[in-house]
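K.L.:
Pasting the sequence and the predicted model now:
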Amino acid sequence: MFVDKVKIRIKAGSGGNGAVAFRREKYVAAGGPDGGDGGRGGNIVFVADTNLSTLVDFKYKRRFFAENGANGAAKKMSGKNAPDLVIRVPKGTVVREAQSGRVMADLSSDEPVVVARGGKGGWGNSHFATPTRQCPRFSKPGLPGEEYEVELELKLLADVGLVGFPNVGKSTLLSVVSAAKPEIANYHFTTLSPVLGVVKVDEGKSFVMADIPGLIEGASEGVGLGHAFLRHVERCRLIVHVVDVSGSEGRDPIEDFRTINAELANFNSELASRPQIIAANKCDLAAPEQLEAFRAFARESGYPLYEICAPIGEGIQPLIYAVSQKLDTLPPIRQFEIEHVPMSERERLAKNQFEIHVEDGVYIVEADWLMPALGMVDMDDYESLQYFQRVLRSSGVIDKLEEMGIQEGDTVSILNFEFEYIR
């Protein structure tokens, strides 16, 4: 089964919580706070694997969660960092955020890419000791790891893409010029998935050619198989347009050429300007006037034309050399530019997102990120409460309450913990 587009959910690990601990040893005076820091949560890392050719494994497993960092401990012992979760995908896979569509990674090289970062570990109470606060009974919780729903889209890494109507001889051509063994039969849509082949030109010189399943009119709108596989043409540096110049199926080869080019342009406007070479196949079956008419059309359109008969290899060598020479003048295979989210916005989304609404005179604050912070606060300790108040102030919660008109003595509820507001 060839699968080239899936959605999955990924979540990096949260950081471990800092520890609240005090050094109490015999003969050690004024031991003081010695709580250790929490460990870092595991990252979600994507790696291109040349042994994979499809995304079919992600049809059955769609949730990937990295481990959380370990909590800190006494004696200023830091928690263990969680290992990264490595996800292997076929080379050429593009990772997009499902909601916004922004490109998060392009796995076109062997370099691993961190897509979701694990949360930092929280500080232990040893960090909060000061000359005036010598016994802090609070620590900092670990930050949550990044979580996304992402779309994986495989776009094959090929120098040359073979396009054309079904049954024009694309698979036959690929089988003749490379070691690839695509299925070849005399009916439409024999090729149900893209096939790659390495074409050797000279010693130490070669290029990758992809047989794209047959396109028909309306392919860019989902007709036939073309809509599913047009994405694999996007990376190709050069297009070899295979045309049945004999019109053996009752179609006009000139109209075939125009129709396929229109479908490429409708799918992606950049494809309309991609360099093309025409391979006029089945020329042994074409009448002289048919060949001459198509030659004249190619000259007027400005496209290089090579007449071939793929099954017997006639005209193949000049075509391959022409393709190789053209590739020498073209830029490398396209890579998609990563669209980064500014760090300030990422932190705001991760930490400071909250909602406040009023019910029966009670100001109810909803913010999931406050749960670990509230859990680490000692409500009987004045310094601990001061720390929690600073968290509310720095995150904008108090400013929002004041903007909504809260008065001294009004009740505020945060995660079912209620207190009176005091200026």
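P.N.:
Alright, I've got the coordinates. No experiment lies behind these values; they were computed from the predicted model shown. Residues are numbered from 1 along each chain as shown.
K.L.:
Let me see the contact set for Arg96.
P.N.:
Going by Cβ atoms under 8 Å, 6 or more residues apart in numbering, Arg96 touches Arg102, Val103, Met104, Val150, Glu151, Glu153. (Glycine included, C-beta is placed from N, CA and C.)
K.L.:
so the fifth one is in which element?
P.N.:
Using DSSP states H and E, Glu151 falls within strand 147-154.
K.L.:
Report all helices and strands that that strand contacts.
P.N.:
Using 3 or more Cβ pairs under 8 Å, 6 or more residues apart in numbering; DSSP states H and E as the contact test, the elements touching strand 147-154 are strand 5-11, strand 85-90, strand 93-97, strand 113-116.
K.L.:
Go again with 6 Å.
P.N.:
strand 5-11, strand 93-97 (3 or more Cβ pairs under 6 Å, 6 or more residues apart in numbering; DSSP states H and E).
K.L.:
Name only those of the contacts of Arg96 that count as buried.
P.N.:
For these, a burial check counting by 16 or more other Cβ atoms under 10 Å picks out Val103, Met104, Val150, Glu151, Glu153.
K.L.:
Please convert the residues you listed to CSV, extending it with pLDDT.
P.N.:
What follows is the buried ones among the contacts of Arg96, written out as CSV (pLDDT from 0 to 100):
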residue, pLDDT
Val103, 93
Met104, 93
Val150, 96
Glu151, 95
Glu153, 90
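K.L.:
Asn71: which of the residues you listed is nearest?
P.N.:
For those, the residue nearest Asn71 by Cβ to Cβ is Val150; the value is 28.9 Å.
K.L.:
Nearest to Ser139 among the helices and strands packed on strand 147-154 would be which one?
P.N.:
Nearest of the helices and strands packed on strand 147-154 (Cβ to Cβ): strand 5-11, 23.7 Å.
K.L.:
Now do the helices for the stretch 101-250 of the chain: every range, in order, please.
P.N.:
Here the stretch 101-250 of the chain has its helices, by DSSP state H, counting those that start in this stretch, at 170-177, 226-229.
K.L.:
mind checking how far the longest one is from the chain centre?
P.N.:
Just to be clear, that refers to helix 170-177. With Cα atoms, centre = their mean, to the nearest Å as the basis, helix 170-177 stands 32 Å off its chain's centre.
K.L.:
packing partners for that helix?
P.N.:
Applying 3+ Cβ pairs under 6 Å, 6+ apart, one finds that helix 170-177 contacts strand 205-211.
K.L.:
Repeat the analysis, applying 8 Å as the threshold.
P.N.:
Using 3+ Cβ pairs under 8 Å, 6+ apart: helix 170-177 touches strand 160-163, strand 195-202, strand 205-211, strand 276-281, helix 316-327.
K.L.:
Just the residues contacting the fourth one, thanks.
P.N.:
Right, the one you point to is strand 276-281. 168-169, 172-173, 238-245, 253, 257, 261, 286, 291, 294, 298, 303-310, 319, 322-323, 326.
K.L.:
hey, least reliable of the helices of the stretch 101-250 of the chain by pLDDT?
P.N.:
Looking at these, the lowest mean pLDDT belongs to helix 226-229 (a mean of 60).
K.L.:
mind showing which ranges of the chain have poor pLDDT?
P.N.:
Filtered on pLDDT under 70, the chain yields the residue ranges 1-2, 27-30, 182-192, 214, 216-229, 340-352, 372-373, 375-376, 378-381, 383.
K.L.:
Which residue ranges make up the domains of it?
P.N.:
The chain breaks down into these domains under the TED database: 5-154, 160-329, 345-421.
K.L.:
Now render those domains as TSV, adding distance to Phe336.
P.N.:
Conversion of the domains of the chain to TSV gives the following (distance: least, Cβ to Cβ, whole Å):
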stretch	distance to Phe336
domain 5-154	4
domain 160-329	9
domain 345-421	20
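K.L.:
Show me the one of the ones you listed that comes nearest Glu337.
P.N.:
domain 5-154 (6.6 Å).
K.L.:
Would you point to the one among the helices and strands packed on strand 147-154 that's packed deepest?
P.N.:
strand 93-97 (a mean of 22; mean count of other Cβ atoms under 10 Å).
K.L.:
Residues in contact with stretch 243-262: which ones?
P.N.:
Outside stretch 243-262, the residues within contact range by Cβ under 8 Å, 6+ apart are 163-165, 167-169, 215, 217, 241, 272, 276, 278-287, 290-291, 293-294, 297, 307.
K.L.:
Mind listing what's buried along it?
P.N.:
Buried positions in stretch 243-262, judged by neighbour count with 16+ other Cβ under 10 Å: Val243, Asp244, Val245, Ser246, Gly247, Pro253, Ile254, Asp256, Phe257, Thr259, Ile260, Asn261.
K.L.:
what about the helices in the stretch 251-400 of the chain?
P.N.:
For the stretch 251-400 of the chain, the helices defined by DSSP H, counting those that start in this stretch occupy 253-267, 288-301, 316-327, 343-351, 370-375, 382-395, 397-403.
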